[in-house]
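Peer 1: sequence first, then the predicted structure:
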Amino acid sequence: MVWGGISTRLRTPLYHVVGNLTGVRYQNEILQPQVVPALQAIGPRAILQDDNAPPHRSAAVNTFIQQARVNRMLWPANSPDLNAIEHMWDELCSRVQQLHPPPANLVQLLQWLQQEWNGVPRAFICNLIHSMRQRCVECLAHNGGHTRY
């Protein structure tokens, strides 16, 4: 598993998550070293958009998010996954499959993922981010049902 963050102004390096991601690991390995500095670089209007995965919603993570004064987008418990990062993962997978033969090993796969992650055009990412308002509007209009996203 890899983790990465995107915004209209920056993208984090991919982080290879080895083993199970717990709330404590999410806080120590991703939030503190990657997310908080990225959000600070973006500025005071930055919003963390994660999902309802258990590590993201642990008590320790919630406390850390509050103490770090991170603005977080709230998701209802049974909401559809409208997170723009899902489309980034699809793009990344497509780019790796189209541009590379099957990897010989995990190290090669991780190198290719990082290379293609860095190669996704900024305009593609900006379009994903700027579509969030419409994603939410459409989700509300369909009472949480299927949308084109």
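Peer 2: Done, it's in.
Peer 1: could I get the contacting residues of residue 96?
Peer 2: 109, 112, 113, 116 (C-beta atoms under 8 Å, 6 or more residues apart in numbering). From N, CA and C alone the C-beta is placed, and that goes for glycine too.
Peer 1: the first one: neighbour count?
Peer 2: If I follow you right, that is residue 109. Number of residues near residue 109 (other C-beta atoms under 10 Å) recorded here: 16.
Peer 1: read off the pLDDT value for the residue lying closest to it once chain neighbours are set aside.
Peer 2: The shortest distance from residue 109 to any non-neighbouring residue, by C-beta to C-beta, 6 or more residues apart in numbering, is to residue 103 (3.9 Å). Note for residue 103: predicted pLDDT of 92.
Peer 1: list the contacts of stretch 20-39.
Peer 2: Contacts for stretch 20-39 (C-beta under 8 Å, 6+ apart): 1, 3, 5, 7, 10, 12-13, 15, 17, 46, 48, 54-61, 64-65, 68, 70-71.
Peer 1: and if you look at stretch 57-68?
Peer 2: 22, 23, 24, 26, 27, 31, 32, 36, 48, 55, 72.
Peer 1: what is the nearest of these to residue 131?
Peer 2: The nearest member of the contacts of stretch 57-68 to residue 131, counting by C-beta to C-beta, is residue 48 at 17.7 Å.
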